[in-house]
Structures are given as structure tokens and as C-alpha cells.
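Q: Sharing a model prediction with you, sequence too.
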Amino acid sequence: MRRTWAAVTAGVFAVVATAQPTMRVNSDLVLVPVSVMDRADRPVRGLTADRFRVFERGLEQTVAHLSVEEQPVSVAIVFDVSGSMGAKLRYSREALEAFWRVSNPEDDFSVIEVSGRPQVLASFTRDTDALQSQLMFTASAGRTALIDGIYMAAREARKGRWARRAVLVISDGRDNYSRYNVPELQTALAESGVAVYTIGLYGDMDELAAGLDGNGPAGPALLQSLAAETGGRHYRVAKDSELPDVAAAIGAELREQYVLSYAPKNHERNGRYRHVRVTVKQDSGARWKVFARPGYRAPGGA
């Protein structure tokens, strides 16, 4: 197992309740993957079940089991090659190389290339060398159908080999050519149960973007909201050269997750959305923060 860790921006620290799938519901149990990070964005290990508290619609649940085993993950990668990416493309490739370098050897990956329309560049595979070779031939050009690309990734993630699934987006967040809009994308992500990790490479125009062609928020607003709503995390990259370290940190986080399980006290099988919140009892002086997907959809009626 490779254990290379990369530091990210100083001062960023979190306890992240994420999900691959975000909240997987068995007939009796809800499974909640949780990443616990220290001030330097490194995983906190050795926590026991009594340190975690889970609330569903405000009602505390009983944690039945805590697993700390590292399990492989299937990741659908959204790789923006539109004209606005330009010189950033080189660093995007280096970021993926760093991400794959720290991944579990059993992980599998799919790559969705985005410009004027999204397309699956490679279906799920563990051969990251082959993926890296394919990406070397990509060129920055055309308009941006980013929302369509993330929508495709949410569907593509279901084809992964593993139950734990995520979507990784590397983009400036611009969208000017998508068929789907943000609400439709949010629905697709909720149904797929994947966590979305976003790496934003922003310029002045991206910072000003508020919405293009009626699709909804763009730029930082889009990437931040998708990460927050799905239990992933958003990274704002100030310098292109920081991309590889950020990507490596995401890969490390995906490997180092606790998985909580609980039997919901609400036994209704009505297919409704249930809000969930996870907290962690902190050590004295610790400054951990909780980022959690807001919930899951209950099983439908018989």
C-alpha cells in the first residue's frame, strides 16, 4: 500500500462525512463513510465508535458498528478540456497523475472528457498508465458542457466495480453549453449517492461568473455547492502548480475513511429524503470541522 501524503493549504482542517456511496441503505442499516482530518489535512486514525454521534432529522441514532478498514473505491473523473482551460491543462494532467499515484491499487477509474459535449474517454479500469497516456493527446478547445459532464459521471459511477464511489471534477467551473441545468444535476447526484470532489482553477472571469445560458450557478459557486451537497469537498487552487498536491490529498482522503452503520429509528419505507448530521467528540485543543452530506433517500414502499 502506498502511503505518500501531500500537504494542502495551511489552515485547512476538517472532519468530513462523505459517502461512496454517500449513505448506502441496506434492509436494516444505513452506512455512513466518514473522513476525519487534522489541522494539516491529514487523516486522524484510531477513533472509536463512542467518539461519533449521528443525527437523523434531529433525532440521535445509535451507532451499531464502526469499520476502519480501507476499502477500494470507484472514481468517475470529469476532465475539463474546453477552450477556457488553456494552459491549465498541463497541470490538470499532473494532478491526475498525483491522484493515481496515492490511490489503492484495487481502485478503478473512468474518465469523462468535457468540452462542447461530454464523452467517456475511458470506461472503468485499474490501468492508470493507459489512462495517463490517453490524456496526453487531449487538447484544450471548444465550449463547455460541464454540467452535462458531471451528470454523465454520476451515471457512469454506477458502473464501477466497487460499492464505494465518488466523482472527481477538475475544472474552472464555467458552463456555457449544457443541456441539463443545475437542479436536474442535483437530482441525478442524489439518486446516484456519490460524493463529488471538486478542484477549481479560477481566473478573474470565473470568479465573476454567476450563471450562463440559464443553467444556474457557474464558476466557484457551482463547484462549491456540488461538493457541499454531496458530502465531498471543494478545493480552490490559487496556483496551477498546487494542483498535484491537492489531487494527492483527495486520493489520500478517499482511502482513510471510517464507516459508521446504524439502524434508523424511523422504520417507514416511504422513499423520502432524510436529513443526517455527523459530529465527532474532539480532543482538547483540536480544531476539527464537520462537512457532511445532508442526508439520504429512504427505501421506497413495498
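A: Here it is on my side, so go on.

Q: Flag the shaky bits of this protein, pLDDT-wise.
A: Residues of the chain meeting the criterion pLDDT under 70: 1-27, 69, 204-217, 292, 301-302.

Q: Show me the domain layout of it.
A: Listed by automatic domain parsing, the domain ranges of the chain are 15-70+256-297, 74-254.

Q: which stretches of this protein form helices?
A: Per DSSP state H, the chain carries helices over the ranges 88-101, 128-135, 146-156, 182-192, 204-208, 219-230, 243-255.

Q: looking at those helices, which is buried most?
A: Scoring the helices of the chain by mean neighbour count under mean count of other Cβ atoms under 10 Å gives helix 146-156 as the most buried, with a mean of 25. C-beta here means a position set from N, CA and C on the backbone, and glycine is covered the same way.

Q: from the chain's centre, how far out does that helix sit?
A: Chain-centre distance of helix 146-156: 13 Å, with Cα atoms, centre = their mean, to the nearest Å.

Q: same deal with stretch 114-126?
A: 17 Å.

Q: Among the helices of the chain, which comes closest to residue 116?
A: Of all these, helix 146-156 sits nearest to residue 116, with 9.7 Å by Cβ to Cβ.

Q: Can you tell me which helices and strands that closest one packs against?
A: Where contact means 3 or more Cβ pairs under 8 Å, 6 or more residues apart in numbering; DSSP states H and E, helix 146-156 is packed against strand 74-80, strand 108-114, strand 118-125, strand 165-171, helix 182-192, helix 219-230.

Q: Quick check: which of the domains of the chain is buried the most?
A: Buried most deeply of the domains of the chain, by mean count of other Cβ under 10 Å, is domain 74-254, with a mean of 20.

Q: Could you export the helices and strands packed on helix 146-156 to CSV, including columns for distance to residue 153?
A: Shown next, in CSV, are those (distance: least, Cβ to Cβ, whole Å):
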stretch, distance to residue 153
strand 74-80, 4
strand 108-114, 5
strand 118-125, 8
strand 165-171, 5
helix 182-192, 9
helix 219-230, 11
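
Q: Compare these and report which one is nearest to residue 139.
A: That would be strand 108-114 among those, by Cβ to Cβ, at 10.6 Å.
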